[in-house]
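K.L.:
Return a 3D structure for these sequence lines:
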Amino acid sequence: MKIAIFTDTFYPDVNGVARTLKRLTDYFETKSITFKIFAPDSNGKEYVSSNIHRFKSLPFFLYPECRLAFPNFFHLKAELQRFSPDLIHVATPFSAGLCGVYLSKKLNIPLVGSYHTNFDHYLEYYDLTFLSSIIWKYMHWFHRSCEKLFVPSNETFQLLVHRGFTNLEIWPRGVDCQLFHPHYDKNAVLTRYGISQKYLLTYVGRLAPEKDIETLLAIAKSLPADQNEKIHWLVVGDGPLRKELEDQAVSNVSFTGYLTGERLAEVYSASDLFVFPSPTETFGNVVLEALASGTPVIGANAGGVKNIIKARETGYLCTPGDVEEFKESIIQLLKNEQLRGQMGSAGRDYALTQKWDKIFDNLTSHYTKILTEHNQIKYA
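P.N.:
Numbering: from 1, shown residues only. As a prediction, this is how the structure comes out:
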């Protein structure tokens, strides 16, 4: 099986799509599945591999980490024909994805897609809601020739069914429970960031309007003084709002920038609670990483996050944007060490069931079924 993946973001970009696709290609290598990635350059931070064909690109204004590619179409077509894939997987709906859709039709190659981002939900955070109907029409057009459209959560599945999409299949996300676990040295993390408070609360993600970081800071400011003096917040990530948020933040909030690998895993493990107010997630990889680290999560009752957190078992789900509800959930859990421990153990147990290999085995079985059906039609 030879798979060509067209995507507008790939490793070393730091976002859920890029990380998922890198994990997928790592799996392909272990299974001796031949693949080729067609993706934009990555703003000078290149990951060199013979399996990647890069294009010149510029950042997309709504999401600078996701870049708009400007490929030489004739070179691209020749490269794809040399590779001669059995199947094309388009992962994003921008220019690289458009090339994948067009070439699948032109060269009669079976096409599948994956839906990672609710751009429609992003529009309200950028005062662009008037574009909503155009976005949905485009998404329908873009995905209409996909034999399967893979979505990351049941919540996203239901949203797209409601919007009239067909041929949907749930492709969830897994977590590396050997990297993310509860047994790192908490004191080392506290020392690294100069933290002396009793409790460590953490957020991990992009610092952008659609993540509702302003609610996070409002929560931090709303906690009673007697609780607040015992709490330190670590905000892990970067994005267009970072400077503004740093200027607004109170003294017990620290910004680390992007963290990856063990440095990120250590922070999750050291945290007493993970607080994630984003209402726009199609899945919520960081929520699953926190649970794998034995850290209870207080998240927004929206999007894919509500399919990961088991309310009152592994954390709490709060009304999006409701500062008071988030605050009360934090206070309740900080006062109850035993409940935090129970939730942390339950979260770890759940994460242990979310194995990447099993998830990718299921994905490639769908690939195989599509190719079998395509060949039956082709040689009928």
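K.L.:
Where does the prediction get shaky in this protein?
P.N.:
Counting by pLDDT under 70, the chain has low-confidence residues at 43-48, 60-66, 378-380.
K.L.:
So it: which segments form each domain?
P.N.:
When the chain is parsed with automatic domain parsing, its domains come out as 2-174+355-378, 186-351.
K.L.:
So which of these is nearest Phe180?
P.N.:
Minimum separation from Phe180 across the domains of the chain (C-beta to C-beta) falls at domain 186-351, 3.9 Å. Every C-beta, even on glycine, is put in place using the N, C-alpha and C of the backbone.
K.L.:
ends of the closest one, how far apart?
P.N.:
With C-alpha to C-alpha, to the nearest Å as the measure, domain 186-351 spans 21 Å from end to end.
K.L.:
cool, stretch 168-183 as well?
P.N.:
With C-alpha to C-alpha, one end of stretch 168-183 sits 38 Å from the other.
K.L.:
Please point out which parts of it sit buried.
P.N.:
Using 16 or more other C-beta atoms under 10 Å as the test for burial, stretch 168-183 gives Leu168, Trp171, Pro172, Arg173, Gly174, Val175, Cys177, Phe180, His181, Pro182.
K.L.:
Looking at these, which one is closest to Phe360?
P.N.:
The closest of the buried residues of stretch 168-183 to Phe360 turns out to be Gly174 (C-beta to C-beta; 8.0 Å).
K.L.:
Enumerate every residue touching that closest one.
P.N.:
The contact partners of Gly174, by C-beta atoms under 8 Å, 6 or more residues apart in numbering, come to Arg23, Leu288, Gln354, Lys355, Trp356, Asp357, Lys358, Ile359.
K.L.:
got a winner among the residues you listed for most neighbours?
P.N.:
Within the contacts of Gly174, neighbour counts (other C-beta atoms under 10 Å) peak at Leu288, which reaches 25 neighbours.
K.L.:
helix or strand for that residue, which one?
P.N.:
Under the criterion of DSSP states H and E, Leu288 resides in helix 285-292.
K.L.:
Phe6 versus Cys146, what's the distance?
P.N.:
Per C-beta to C-beta, to the nearest Å, Cys146 is found 12 Å from Phe6.
K.L.:
and for these two, which residues touch both?
P.N.:
Residues touching both Cys146 and Phe6 by C-beta under 8 Å, 6+ apart: Val90.
K.L.:
And those two? Which one has more around it.
P.N.:
Taking other C-beta under 10 Å, Cys146 and Phe6 do not tie; Phe6 has more neighbours (31 against 24).
K.L.:
Which of the domains of the chain has the highest mean neighbour count?
P.N.:
Mean neighbours per residue, mean count of other C-beta atoms under 10 Å, is largest over these for domain 186-351, with a mean of 19.
K.L.:
okay if I get the buried residues of stretch 168-183 as a markdown table plus distance to Val204 and secondary structure?
P.N.:
Converted to a markdown table, the buried residues of stretch 168-183 look like this (distance: C-beta to C-beta, whole Å; DSSP: H, G, I helix; E, B strand; the rest coil):
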| residue | distance to Val204 | secondary structure |
| --- | --- | --- |
| Leu168 | 28 | strand |
| Trp171 | 22 | coil |
| Pro172 | 19 | coil |
| Arg173 | 15 | coil |
| Gly174 | 17 | coil |
| Val175 | 13 | coil |
| Cys177 | 17 | coil |
| Phe180 | 11 | coil |
| His181 | 16 | coil |
| Pro182 | 16 | coil |
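K.L.:
Cheers, nothing more for now.
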